[in-house]
Structure formats: C-alpha cells, structure tokens
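> attaching a predicted model along with its sequence, questions to come.
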Protein chains: 2
Amino acid sequence: MTTRSTELLRVAHARPGVTRAEAARLLGVGTGAATEIVARLAQASLLAEAPAAPSGSRGRPTTLLVPHPTGPLVLAAAITHEAWRIDVVELGGNAVASVRGSHAGSDWAEVIAAVTAAISTLLPAYGERLRALGVSVPGTVSPDLRLDASSLGWHDVDLTTLWPGPVFVAGNDATLAAAAESARGAAQGAAMALHLRIEGGLGGAVVDHGRVLMGARGAGGEFGHMPFGDPAIICPCGARGCWGTAVDGTAMARRLGKPAPPDPVTYARRIIAAGSPVVAEVAAALGRGIAGLVNGLDADLVTLGGIGVDLLAAVPGELDAAYQAGLMKVHRASPPPIRPAALGDDGPIAGAGEEAWSRLLPELA
Amino acid sequence: MTTRSTELLRVAHARPGVTRAEAARLLGVGTGAATEIVARLAQASLLAEAPAAPSGSRGRPTTLLVPHPTGPLVLAAAITHEAWRIDVVELGGNAVASVRGSHAGSDWAEVIAAVTAAISTLLPAYGERLRALGVSVPGTVSPDLRLDASSLGWHDVDLTTLWPGPVFVAGNDATLAAAAESARGAAQGAAMALHLRIEGGLGGAVVDHGRVLMGARGAGGEFGHMPFGDPAIICPCGARGCWGTAVDGTAMARRLGKPAPPDPVTYARRIIAAGSPVVAEVAAALGRGIAGLVNGLDADLVTLGGIGVDLLAAVPGELDAAYQAGLMKVHRASPPPIRPAALGDDGPIAGAGEEAWSRLLPELA
DNA sequence: AGAATAAGCTCTGGATCAGAGTAAAAGGAG
DNA sequence: CTCCTTTTACTCTGATCCAGAGCTTATTCT
C-alpha cells in the first residue's frame, strides 16, 4: 500500500497491543492520518482494533491494535539435528498453533518429508492466510537458499522446495536466535548486540541497531572459527586455533583427557553440573574471546545461548574475570553486560518467525 | 522535500554525471515524475543539468545530473598526528578547494586553533553554501562527538566547537576510509566488506551493504585489539595478545630485538623496503587474522590501507598463504580477495566527505 | 452536573506521482 | 535533403495520501 501503512504494521508487530494513539505518535502522523491508515489496514484484514483496558486516566479511551482474526499468518520452522517444530505465527509474534516431531536419523530426505507433510496438514486449516515461511536450520544458508550443515552430512541442499510462495527466508539457528533476542528478547534496544550460542559448536551473530548481519554468503556469525584458541588444535573446519574448539563439550573432554563425546551438548551439561574444574577453564576461554569481539566490534550488549547460559550460571566469576581482563581499558569503566538469552531454546524458531514477518510486511502494505 | 527527491540526490551523489533517464530508471519512476523532481531540485539549487556528450546512438539526447553551481557544499577535514587538511566537497564527491597545514607538536589546542582558523578563511569564500562538516580523526569518537586518541594524549576532547551548524559528523580515520572505499573505492558493491588500516596501530571497519558499522560508542573496527596475537605481549590498551601488537612497526622492531621506534609507520616502511625476514612473519600474522575475521563475519572482500598495502606488495605469497591456511574450508574454494585500498591516503578525508554528504542529503530534500 | 482531558472523526487543500499522450532531438535509410 | 525510427523529455489529468484545523466522543475529576 504505502510507506506509512508498512510502518504502522511494523509498529503493531514489534509491540503487539500498542494503543492506537501511541502508534500514531511513534509514526509522527496526526490523528486524522491515523484514522485513515488504520481503516485501510482493517479493510485489508491486516489489523483489528480491540477495546483497551481502562487506563485510569482521563480522556476518551483508546483502542489497541491487534492482529486481524482472519489476517495473514506466517509459518516459522526450526529444524535441529534431532527434531523439528513448526509454529503458526500471527502478527505480533504470537504462535497460534504448533506442530512438532523428531527424526532419529539424520537423513535429510526423511527430515524434509516430515516437514513437508506437516506443512501440508497446516495448509487446509489456515489456507490462504499462510503467506510466508521462515526456517531455522543448524547450518549455513546461502543467499540462494541452499543449506550446508557439514556436521550432519547435509551438503548443498535445496531448501526452496519447502515453500511454494514468494516470501521464504531461511537462516542459521544462531543467527535467527540473535534476531529474536534483539527484537523481543534480552537485546532489545541495544545499539550493537552480540549473540553467542554454544551447542555442537559456537555460532552467533552481530546485530546492528536491530539489523542482523547475515554475511555475504549467509555464514555470518561463525565466531567459533576465529583464532582465539590454541593453535595446536586443528578444527574440523580446516583452520587452527579456532575458538569453538576451546569452549564446547569436546573441549571439556579434551581437557579431561577423554575422547570426544558423541553428544557434546549433554556431555557439557553433565560436566558443568558435576562442577569439574575444567568448567572454569572453558568459561575463561569464552570470556576472553567475548572480550576480543567486544573490543573489535564495540558491542554494548552480549547475549549467550545454549551451553553459554549454563557456563554463565555455573562460574560467573571466572567468566567475568577473563572478560574484564581481555577488554580494552576504554571499555572497562562500564563493560557491556553479558546476559543469558531471554528466549532460551525458542530463540531460533522465534527468529525464523521474526524474519518471515519482517520480509512479509512490505509485501502486504 | 520528499523521499523520491532524496533518493534522486543520493543517486546523483553516488554516481556523479548520471544521465537523467538512467537515474529515473534506477529510482523506478516514470519520466513524468523525473521531470517534476529534477525541476524541483534545480529550483532549490541542488541539482543542475548539463548536456551529455553525444552517445552515438539514436534518440533524443539526455542530460547529465551535475551539482548545481551555487548548490550546497560540505567541508571534509582530516586531522592526523602531524598534519591537517580541509577539502570543500561538492555533490558527487569532487573537491573544489583544499587547504592544509601541519602541526609539529601534538597539542590539541594548537590543532583546533589551526583548523578553526582555516574554516574561518573558507567561510567568506563559500558562505551559506557550506552546510556540513565531516572530520576524520586518529582516534575514537563517541556518539556525542567526543574524541579520544590515547596515543596522542587527546582525551575526551569536545569536537562540537569545530562546527556551529547542525550537520556535523566525526569519525575514526580507519572507519571513514572504509566508508570511502565502499562508496567510491575498491570495495564498491561488496555485500560485506572488511577494511583494515595499519598505521600506528591496526584499525578498520566492517561495511555491510554500504553501511559502515560505527559501534555502540563509535569504537567499531578496533580489530587491532582482538586477541589474535601472542598472549605474552601486553598491549597499551590493557589487554594481552592484541593482534595490533603483532603487525605494526613496533612488532617488527620487537622481532628484530630493537627498541620501539618513535615513528612506527616510517620505520615499518624502511624495514619492508630493506626486505628483512621479519616482514614475512608480520605479513603472516596479518593474513591469519584476516582469515579469522573473514571466517567470523563472512566478508566477501577485504581492503588494506596504510602499511597493509606495503606488506601486500612486498610479500604477497606469505600473506596469502597464512590467509588461506586460516580460512574455513567452505571459504577456500573462492577466498574473498584482499585488495589494496584504491583511495590510498585520501581514504579518511574522502570518507569524511561521504559521511557528511550522506547525513546532509536527507536534510536538503 | 459540569469542567477537564485525551482521543477519535470529518473535511479541505496541497503535494506527489503514475500513466497516457505529445513533442523534441538525434541517427539512419533512401 | 527528407522521412522514419529511436530515445528521451515535457504536459496534462486523475488518484492517493496526508497534514492541519475544527469538531465530536468518552472518560475522570471536582
């Protein structure tokens, strides 16, 4: 429709349940224009108005901008190494339905069959209302939507078959989790947020004023492959001294003189719970690397996901000491805080929904 | 004025001398709208039309969009540790005048007096046409325009006294050089460009689709303080193992067992010219770090400034070997090229002009 | 009940631009 | 040289969007 309509929708999406008057103020339009724009969006089944709870103050009561009951919806999917989940997400980010399943094997054909079947079951229920798909995957996605997840044996997989429509986004789980944290989680309002997510490896993303940096080939945020680690250790990626080899479950096993565990995530959680002294060492390696990234990128906030949350909870002192020691003096006066991700394991699917909505909005208005 | 006017001005600035018809195509407007918008901008003394050179093909000859002869101008200033320079820049980036001087001492009061005096001499000549100032400085600039250049003893200096007008930008020299390389230099069109500049230390910037990441406190791109170096070496910044301590003139002196040189830049140039074996070692440290940044940020192009250009010219093989070895396998098939900066030492001042124009344009139209 | 307050609604006029049609300025063919 | 083709620029009409002023509505406070 028009620029203002898109902006209003964006506000309504970012802050579901805003009052109509506040949305008008945020857009910088007069009340006359607000009337017209809201009417147009309601006519197009994009927005609806609901009576607001009594504010207690004087004045004519305002209305809340809520998603239209028959308005467009977005599918958000998250595929992990062992399971998948699909949410139906309305404007504002609320999930109105959810389907999930697991896949023991890591055969891509099996995964895509299950996901495609699940999407097919949702199509009759929501029909034309489903307008976009966002997918989170445990690997990198090129700009032409091809997935590469080396550790799972998925190479150059074409994702476009998942969705026939024009609005389709796919991205790395850590990248999308970062987008979600910035939009609705612990990194709201940060000028330059850094998100780090330790699971099998270490991934993340940089978010500049709410915009996630995807990288030239969709592989942005692979901080695990920056050489903050021990140069003697060769990473499966082919380089040496990768930071990721110093902070995950495999690193803990190596420090304990044990063979690499088959499931580094649960292994790491067990070691952390056991209170092993290697936990502090790994946390220090994490803190030092975070400091390096903060120095280089001038982030003002760091959020941690996956095992990072457990490390932060278990040995906050060690992590913070290494972090402080690695910071430039200029940052030490007020070090950017390191916080656990607010969305937890829902980060990737929430981010998939966010990105799908973000791409759909300009098409609608 | 309006969005389209700003867009047209931006096109005319980015590609000085575009034909009017092509600009209309780039904006996606019809010829009718183009007539009206150009007329409006000409009326406001922002654009002028010049006859185009004969194209040799059929059709009514188009006109070129050029800066208006009495249109707005921008001041671009570059302050270094020993000299200063001010350019008067018209739309399109062309400098119509230039003043320069040097300051032997590093007393900020002296510097600001000289620069302020130079600006005063330019004011009567160009008067109201001067609408904005962009300044490049060898330090970090906070969002509230305070400069910190530790190595020169300039701490928390207020820059706002330099310019009375509302449109005033200031930034780090390496950051601004990156902006210039992306707008008009070797990094044009890159999706994610990385610029590195070695002088006294190592600075740079990340440029995502033409937008420079300034960081939360204006200290983005301090890659010299990421821990890619030897942890035994303590950096003046307070951290250990900073990459910057491994790649500049001071690093060369240390490897040669010499004391730190007073002027590391000329010292480094001399060592490189002499063909010392430490040059290859330093180039390798540079290449390895670049690989780490490319891995982490998924850059598709790297530009080098300052001593980096000399290193690249002197020992390209060593630099490239270390770069390749540090890249993840996925990047090795087509490694992002490492190129010398096209603008050379003019990068910072060109970037100051770019940023000033970029901020001024929306105010005009 | 009446004043005060905050918000929504209606109407007018101006700015912007898309689209269609027309005019202008060049090269090429005869 | 004249006419045709090609490309671009100009003119005109109508639709859309929205700012601003003034008015109406719904609520709380006194």
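Great, that's in hand.
> quick one: the helices in the stretch 151-300 of chain A?
Under the criterion DSSP state H, counting those that start in this stretch, the stretch 151-300 of chain A contains helices at A:173-184, A:249-255, A:264-274, A:278-297.
> now the third one: buried residues?
Right, helix A:264-274. Across helix A:264-274, burial judged by 16 or more other C-beta atoms under 10 Å in any protein chain shown covers A:264, A:265, A:267, A:268, A:269, A:271, A:272. C-beta: built from backbone N, CA, C; applies to glycine.
> before we move on, back to that, DNA strand D is nearest to which of the helices of the stretch 151-300 of chain A?
helix A:173-184 (24.1 Å; C-beta to the nearest atom of the strand).
> how far off centre is the closest one?
In terms of C-alpha atoms, centre = their mean, to the nearest Å, the centre of helix A:173-184 is found 2 Å from the chain centre.
> got a list of what the closest residue to residue A:216 other than its chain neighbours touches?
Closest residue to residue A:216 apart from its sequence neighbours, by C-beta to C-beta, 6 or more residues apart in numbering or on different chains: residue B:300 at 3.4 Å. Neighbouring residues of residue B:300 by C-beta atoms under 8 Å, 6 or more residues apart in numbering or on different chains: A:216, A:217, B:190, B:191, B:192, B:193, B:336.
> burial check on the last one, number of neighbours?
Yep, that's residue B:336 we're talking about. Neighbours of residue B:336 under the rule other C-beta atoms under 10 Å in any protein chain shown: 22.
> out of the contacts of residue B:300, flag the one nearest to DNA strand C.
Looking across those and measuring by C-beta to the nearest atom of the strand, the closest to DNA strand C is residue B:191, at 27.4 Å.
> check the stretch 151-300 of chain A for the residue nearest DNA strand C and tell me.
Counting by C-beta to the nearest atom of the strand, the stretch 151-300 of chain A gets nearest DNA strand C through residue A:166, at 20.0 Å.
> oh sorry, the question was meant for chain A
In chain A, the residue found nearest to DNA strand C is residue A:59; the distance is 1.9 Å by C-beta to the nearest atom of the strand.
> give me the below-cutoff pLDDT ranges for the stretch 51-200 of chain A.
A:105 (pLDDT under 70).
> for the residue in it positioned nearest to DNA strand D, grab phi and psi.
The nearest approach of the stretch 51-200 of chain A to DNA strand D comes at residue A:60, 3.4 Å away (C-beta to the nearest atom of the strand). Residue A:60 adopts backbone torsions of phi -60, psi 130, taken as degrees, to the nearest 10.
> now do the closest residue in space to residue A:54 that isn't next to it in sequence against residue B:299, distance only.
Using C-beta to C-beta, 6+ apart and skipping residues adjacent in sequence, the residue nearest residue A:54 is residue A:61, 6.8 Å away. Using C-beta to C-beta, to the nearest Å, residue A:61 is found at 52 Å from residue B:299.
> try residue A:90
Relative to residue B:299, and taking C-beta to C-beta, residue A:90 is found at 37 Å.
> same question, residue A:328
Residue A:328 is 23 Å from residue B:299, by C-beta to C-beta.
> from what I can see residue A:131 touches residue A:361, true?
No - counting by C-beta atoms under 8 Å, residue A:131 does not reach residue A:361; the two are 10.4 Å apart.
> ok, which stretches of the stretch 51-200 of chain A are strands?
Under the criterion DSSP state E, counting those that start in this stretch, the stretch 51-200 of chain A contains strands at A:63-67, A:73-79, A:83-89, A:95-102, A:130-137, A:140-141, A:146-149, A:154-158, A:167-172, A:192-198.
> could I get these as JSON lines with mean neighbour count?
JSON lines is the format used below for the strands of the stretch 51-200 of chain A (neighbours: other C-beta atoms under 10 Å in any protein chain shown):
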{"stretch": "strand A:63-67", "mean neighbour count": "21"}
{"stretch": "strand A:73-79", "mean neighbour count": "28"}
{"stretch": "strand A:83-89", "mean neighbour count": "22"}
{"stretch": "strand A:95-102", "mean neighbour count": "14"}
{"stretch": "strand A:130-137", "mean neighbour count": "26"}
{"stretch": "strand A:140-141", "mean neighbour count": "25"}
{"stretch": "strand A:146-149", "mean neighbour count": "20"}
{"stretch": "strand A:154-158", "mean neighbour count": "14"}
{"stretch": "strand A:167-172", "mean neighbour count": "25"}
{"stretch": "strand A:192-198", "mean neighbour count": "28"}
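> could you dump the ones you listed into TSV and include distance to residue B:104?
What follows is the strands of the stretch 51-200 of chain A, written out as TSV (distance: least, C-beta to C-beta, whole Å):
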stretch	distance to residue B:104
strand A:63-67	63
strand A:73-79	62
strand A:83-89	64
strand A:95-102	66
strand A:130-137	58
strand A:140-141	52
strand A:146-149	56
strand A:154-158	60
strand A:167-172	53
strand A:192-198	38
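> so which of those gets nearest chain B?
Taking C-beta to the nearest C-beta, strand A:192-198 is the member of the strands of the stretch 51-200 of chain A nearest to chain B, at 4.4 Å.
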